[in-house]
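In: Take this sequence and fold it.
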Amino acid sequence: MSDEIKQAIIQSLKKQLPTANEERLSTILELIIVEIESYNSCGNIIPWEKLQGVITEVLYQTMHNELEKTISSVRRGDTTINYSTNSQQIQGLLSGYDDLIRRIIGCGGVEFF
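Out: Numbering: from 1, shown residues only. Modelled structure (predicted):
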């Protein structure tokens, strides 16, 4: 992904989430990019421009949840509260767009021989 696209995504989110730390946004964006690159099992060139909307949405949801301290589970017996982690969030959010990402990249799907 080019630096221009990364900056456009980060600047867009800075407007939507003004309390978000830019360095943290950049770090989570890199995690999202690595996760999407793992979908590229066929070695195609990834069209990042087409994925910009998906990446922006996943980054927004991840940062919003982090800023809100989203709770992933609560146990009442001895009062255990677990906050969701970023790796779980990113994978969970991307799983909703899994088929779309693979189709845009050109990997996956049903192939007939």
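
In: elements contacting the top helix by length along the chain?
Out: Looking across the chain with DSSP state H, the single longest helix is helix 48-68. In terms of contacts (3 or more C-beta pairs under 8 Å, 6 or more residues apart in numbering; DSSP states H and E), helix 48-68 is packed against helix 3-16, helix 22-38, helix 86-95, helix 98-105. All C-beta spots, glycine's among them, are computed from the backbone N, C-alpha and C.

In: how much distance is there from the shortest one to the middle of the chain?
Out: Distance of helix 98-105 from its chain centroid, counting by C-alpha atoms, centre = their mean, to the nearest Å, is 14 Å.

In: follow-up on the earlier one: Serialize the helices and strands packed on helix 48-68 to JSON lines and add fields for mean pLDDT and mean neighbour count.
Out: As requested, the helices and strands packed on helix 48-68 are exported to JSON lines (pLDDT from 0 to 100; neighbours: other C-beta atoms under 10 Å):
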{"stretch": "helix 3-16", "mean pLDDT": "90", "mean neighbour count": "14"}
{"stretch": "helix 22-38", "mean pLDDT": "87", "mean neighbour count": "16"}
{"stretch": "helix 86-95", "mean pLDDT": "68", "mean neighbour count": "15"}
{"stretch": "helix 98-105", "mean pLDDT": "83", "mean neighbour count": "16"}
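
In: Mind putting these into CSV with distance to W48?
Out: Output for the helices and strands packed on helix 48-68, formatted as CSV (distance: least, C-beta to C-beta, whole Å):
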stretch, distance to W48
helix 3-16, 5
helix 22-38, 8
helix 86-95, 15
helix 98-105, 10
